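Peer 1: Next comes the sequence, and after it the predicted model I'd like to discuss.
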Amino acid sequence: MIADAPPPVGTPVPAESLARAASRARSTSAVAVVFGDDIPMFEASVPARVFGGAAGHPDMPRFDVLAVAGEPAPLRTSAGITLDPPHGLDALESAGIVIVPGWREPGRGEPPSAELLDGLVTAHRDGATVVGLCLGAFVLAAAGLLDGRRATTHWAHAATLAHDHPEVRVDPDVLYVDEGSVVTSAGSAAGIDACLHLLRRGHGPAAANAVARALVVAPHRAGGQTQYIERPVPTPRTGDALAAAVEFALANLADVDLDVDAMAGRAHMSRRTFDRRFRAHVGSSPLQWLLGQRVLRARQLLESSDLGVEAVAGLAGFSDGVALRPHFRRLVGVSPQAYRATFASR
């Protein structure tokens, strides 16, 4: 379903529509949280914890968090726990913020109902900020609210969102995307980041910092979800010239002289032919693939060893740490030091 376009400028507004809009005056302190069947428990709890996580703190405004049944109640979470939200979809008519904190995995169960999608579209049209956390982005996409907009979701389902909704500009690398009246977040804990951002945007950093302290989380995390994406080293097919070149490169990543020409020679092809065939089979240039594998090797070493950045750079095939850092930050989103601080084995 696609969200309706606004009427042309100058189109008369019927009196009954004005009366209806007046009766639905939206409260900036009302946060409607829409639950569906099979929702994960963690995602379900995030909005209530953020918008009610520092109640009574002098820097924290008071919010009325409304638990809304987006499908016939009672609902069951993915952990089998029963939820019985006290509010129906009519609660969306007064909320200034409407959040879908998660949803069941794509392809599981029934699609979101027309009533829910209509409620989200109407809330957005009436001025509410509509938010999709994690897989909640799929519900917003089904409502047409992400058409032509940049959005994100859990990295493991970003490709599915892009495939199912090609009109959405999916960014799989960030923790959240703020498109003004529409906000989406990456997976699970990134919902906290998005909700803290909404709190910061609407009420200033003091309110967001108060909640972050109460939840014992960072008020703002560096980087995006790129640093959390698992990219295992591919296993090449045997008996193929390209596979032989890939296998050769993976075995010799520490060799700073390893380059695309060396890979082409291993495949017994000219550089031009190798480049063309590699792009056709892998989907990226051999140079970008090689840089990606070297950064991946650096990530693995930063996670599993105590080697300094210079040593890690050398073992990953970079001349030094200076050569490693810009490629690492571009592909991972944070510096090597920040990545190690987050992921190193203790």
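Peer 2: Cool, got the structure.
Peer 1: going forward, measure contacts and count neighbours with C-alpha atoms only.
Peer 2: OK.
Peer 1: Give me the below-cutoff pLDDT ranges for the stretch 151-300 of the chain.
Peer 2: Scanning the stretch 151-300 of the chain for pLDDT under 70 picks out 218-239.
Peer 1: longest helix of this structure?
Peer 2: For the chain, the helix with the greatest residue count under DSSP state H is helix 286-304.
Peer 1: Tell me where the stretch 1-150 of the chain has helices.
Peer 2: All helices of the stretch 1-150 of the chain, identified by DSSP state H, counting those that start in this stretch, fall at 15-23, 41-51, 114-125, 136-142.
Peer 1: picking that back up, tell me which strands and helices the longest helix of the chain is in contact with?
Peer 2: Packing partners of helix 286-304 (3 or more C-alpha pairs under 8 Å, 6 or more residues apart in numbering; DSSP states H and E): helix 260-266, helix 271-282, helix 309-315, helix 321-332, helix 336-343.
Peer 1: Show me what that helix is in contact with.
Peer 2: 231, 233, 249-250, 253, 259-260, 275, 278-279, 307, 309, 312-313, 315-318, 324, 327-328, 331, 336, 339-340, 343-345 (C-alpha atoms under 8 Å, 6 or more residues apart in numbering).
Peer 1: PyMOL command to pick out the buried ones of these?
Peer 2: Selection command for PyMOL covering only the buried members of the contacts of helix 286-304, criterion 16 or more other C-alpha atoms under 10 Å:
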select buried, resi 249+250+253+259+260+275+278+309+312+313+315+316+317+318+324+327+328+336+339+340+344
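Peer 1: Spell out for me which residue occupies the centre of the chain.
Peer 2: Ala186 (2.0 Å; C-alpha atoms, centre = their mean).
Peer 1: So what does that one look like in phi/psi?
Peer 2: phi -70, psi -170 (degrees, to the nearest 10).
Peer 1: Might you report the residue contacts of it?
Peer 2: 133-134, 152-155, 172, 174-176, 225.
Peer 1: how about 7 Å then?
Peer 2: 133-134, 152-155, 174-176 (C-alpha atoms under 7 Å, 6 or more residues apart in numbering).
Peer 1: May I have the distance across stretch 124-139, first residue to last?
Peer 2: Distance between the two ends of stretch 124-139: 13 Å, counting by C-alpha to C-alpha, to the nearest Å.
Peer 1: Does the top strand by length along the chain pack against any helices or strands, and if so which?
Peer 2: In the chain, with assignment by DSSP state E, the single longest strand is strand 27-35. Applying 3 or more C-alpha pairs under 7 Å, 6 or more residues apart in numbering; DSSP states H and E, we find strand 27-35 packed against strand 64-69, strand 95-100.
Peer 1: Deepest-packed of these, please.
Peer 2: strand 95-100 (a mean of 26; mean count of other C-alpha atoms under 10 Å).
Peer 1: Could you export it as PDB, CA atoms only?
Peer 2: Extracted in PDB, the C-alpha atoms of strand 95-100 (Å, rounded to 0.1, in the frame of the first residue of the first chain):
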ATOM      1  CA  ALA A  95       0.100  10.200  19.700                       C
ATOM      2  CA  GLY A  96       2.800  12.600  18.600                       C
ATOM      3  CA  ILE A  97       5.300   9.700  18.200                       C
ATOM      4  CA  VAL A  98       4.200   6.300  16.800                       C
ATOM      5  CA  ILE A  99       6.800   3.500  17.100                       C
ATOM      6  CA  VAL A 100       6.700   0.000  15.600                       C
END
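Peer 1: Report the strands that pair with that strand, each with its relative direction.
Peer 2: The pairing partners recorded for strand 95-100 under DSSP bridges are strand 27-35 (parallel), strand 129-132 (parallel).
Peer 1: Compare the ones you listed and give me the one nearest Pro205.
Peer 2: If you check each of those against Pro205 by C-alpha to C-alpha, strand 27-35 wins as the nearest, at 17.1 Å.
Peer 1: Can you list the buried residues in that closest one?
Peer 2: In strand 27-35, counting by 16+ other C-alpha under 10 Å, buried: 29-35.
Peer 1: Could you tell me how far it lies from the centre of the chain?
Peer 2: 21 Å (C-alpha atoms, centre = their mean, to the nearest Å).
Peer 1: now swap in stretch 255-264 and tell me
Peer 2: 35 Å.
Peer 1: Only alpha carbons, please: show that stretch as CSV.
Peer 2: This file holds the C-alpha atoms of stretch 255-264, laid out as CSV (Å, rounded to 0.1, in the frame of the first residue of the first chain):
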residue,chain,number,x,y,z
ASP,A,255,52.4,-9.7,1.1
VAL,A,256,52.4,-5.9,0.5
ASP,A,257,53.3,-6.5,-3.1
LEU,A,258,50.2,-8.6,-3.8
ASP,A,259,48.0,-6.6,-6.2
VAL,A,260,45.5,-7.2,-8.9
ASP,A,261,48.2,-7.7,-11.5
ALA,A,262,49.5,-10.6,-9.4
MET,A,263,46.0,-12.1,-9.1
ALA,A,264,45.5,-11.8,-12.9
